[in-house]
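*Asks:* need the 3D shape of this:
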Amino acid sequence: MDKILLAICNGLSCFIICTILFQFMNERYKKSYSNKTLYIAAEIAMGITAFGINMLNFAILNLLIWFVGVGVTVYFLYYEDADRPIRRITECEVLVLCMSVCETLGVLLLHCFLQICGISNIDVVMQYCLEVTFSKLIMIFLYYVLINRLIKRTEAACSREQYIIYGILFFYSLVNMLVIVQNFRDGQKSYLSAVNMGCIVLADLYLLYYVKMADEKRYYENRVKALEQQAKMQYEYYLAQTEKYSQTVRILHDVDKHIRAIENLYGTEREHTAGEYAEAIRSTLAPLIPISYTENPILNILLTDKNAVMQEKGIHSDIKIDNVDLSYIEPIDITTIFGNLLDNAIEAAANADGDKYIFIKISAYHKMTVVHIENSCGKVKWKKRMPVSDKGKGRGIGLLNVKQSIDKYDGDLQLKQDGNRFVADLFLNS
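*Replies:* Numbering: from 1, shown residues only. Just a heads-up that it's a prediction; the model follows:
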């Protein structure tokens, strides 16, 4: 029975370490392959290998297998947009080292508690179970409360309620562990108590993960609501611009008639001067007239508005739009998608060195609308696989809202940087 219990303890230890390591890698890096089974198999293989080495009871060899296993896994199965394999490997190896230190700290704290409580002569197997479970308990809490917050790649801050829940869980688990320890006084054995300790650790592992994910989910839901409000305000603005431009076109239509009348009134000897005068008036009025890029009035006004901003910032623009039917896209989604993508492109191009340009192409492919936006850029920062602005935390990039609009049309958005060129390819299913 003792050997079975030792095997269970070692298995529990390897399972918890594997779970935390793969949680970390899955949240921090991109997966190189889409096959989920491959990653499950990799986690199982690492756990079984570590379990086998652990049963040999060689501490140095056990630590070495974790270093090698993690290094190989993060190198071949994960990547980043600005791929730096050495940095990835280093981050994961540091995490393994931190977890090892946490385990050692847990064992030291356990012995201190036992000494303070005057508990001695504990059976060797029971003491090993205590060391494994108590050290994993300390490691889990330190990872979620401290380590994960320091190395996280999310803007979601840890709320006060989350810290309170962590504190309650830790205190509850600690009290339960100390109560169970009383059953091991004077060399007594209690296999059921040992199993109970393992269950406490497993429960804490999943409860802490659930609390963390629930807090991040609430944060992103609030952020999406704010972005939806922003999109609604943008839509209402462009709706107002549509009415304004409609009135302007009617007025300018009559003005154009007057200009033509003036041209006809000039004598033949003044024809060149009259033409120049009329052309100057047309040039002055031209910015007030939205260019008819498509049959979609909202998109026409949006592109006209953004094109004027590009000219002000010295950005060369090239807009090519085929005969594409965009009537299936709701006006608010037109504003959300193109408004945010073009704002990002303008921001990046304006801060780029050398030639500043933005190229926009909208075309149709079978039943899909394909949007290609390319712009010059400088160095782009990435977080959670998305580019972020230098304007400050949570500002400048409305891509969460863009993705939400794209999802309505079973679409996809692909972002990439190639040197000083940034490309956004958008696919919408009509």
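*Asks:* what ranges does the stretch 251-400 of the chain have for its helices?
*Replies:* 271-285, 297-312, 331-350, 399-407 (DSSP state H, counting those that start in this stretch).
*Asks:* apart from its neighbours in sequence, what residue is nearest residue 315?
*Replies:* residue 356 (4.5 Å; Cβ to Cβ, 6 or more residues apart in numbering). For the C-beta atoms, the positions are set from N, CA and C on the backbone; glycine is no exception.
*Asks:* adding mean neighbour count, mean pLDDT and distance to residue 212, write the helices of the stretch 251-400 of the chain out as a markdown table.
*Replies:* Shown next, in a markdown table, are those (neighbours: other Cβ atoms under 10 Å; pLDDT from 0 to 100; distance: least, Cβ to Cβ, whole Å):
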| stretch | mean neighbour count | mean pLDDT | distance to residue 212 |
| --- | --- | --- | --- |
| helix 271-285 | 12 | 62 | 58 |
| helix 297-312 | 19 | 85 | 39 |
| helix 331-350 | 22 | 88 | 29 |
| helix 399-407 | 19 | 83 | 19 |
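*Asks:* could you dump those helices to TSV with distance to residue 70?
*Replies:* Formatted as TSV, the helices of the stretch 251-400 of the chain follow (distance: least, Cβ to Cβ, whole Å):
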stretch	distance to residue 70
helix 271-285	65
helix 297-312	46
helix 331-350	35
helix 399-407	31
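*Asks:* and the ones you listed: which comes nearest residue 104?
*Replies:* Checking these against residue 104 by Cβ to Cβ gives helix 399-407 as the closest, at 41.0 Å.
*Asks:* after the closest one, which helix or strand is next?
*Replies:* Going down the chain from helix 399-407, the next helix or strand is strand 412-418, by DSSP states H and E.
*Asks:* give me the mean pLDDT for that next one.
*Replies:* What strand 412-418 shows for mean pLDDT is 87.
*Asks:* which parts of that strand are buried?
*Replies:* Using 16 or more other Cβ atoms under 10 Å as the test for burial, strand 412-418 gives 413, 415, 417.
*Asks:* that one: partners in the sheet, and parallel or antiparallel?
*Replies:* Neighbouring strands of strand 412-418 in its sheet, by DSSP bridges, are strand 421-429 (antiparallel).
*Asks:* now tell me which helix or strand of this structure has the poorest mean pLDDT.
*Replies:* The helix or strand of the chain with the poorest confidence is helix 271-285; it has a mean of 62 (mean pLDDT, DSSP states H and E).
*Asks:* make JSON lines out of the buried residues of strand 412-418 and add distance to residue 146.
*Replies:* Listed next are the buried residues of strand 412-418 as JSON lines, based on distance: Cβ to Cβ, whole Å:
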{"residue": "413", "distance to residue 146": "35"}
{"residue": "415", "distance to residue 146": "32"}
{"residue": "417", "distance to residue 146": "33"}
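*Asks:* between those, which sits nearest residue 36?
*Replies:* For the buried residues of strand 412-418, the minimum distance to residue 36 (Cβ to Cβ) is 22.3 Å, reached by residue 413.
*Asks:* beta partners for the closest one?
*Replies:* residue 426.
*Asks:* touching, it and residue 400? I think so.
*Replies:* No - counting by Cβ atoms under 8 Å, residue 413 stays clear of residue 400, with 11.0 Å between them.
*Asks:* might you list the low-confidence residue ranges for the stretch 51-200 of the chain?
*Replies:* Along the stretch 51-200 of the chain, the parts satisfying pLDDT under 70 run over 81-83, 148-159, 186-187.
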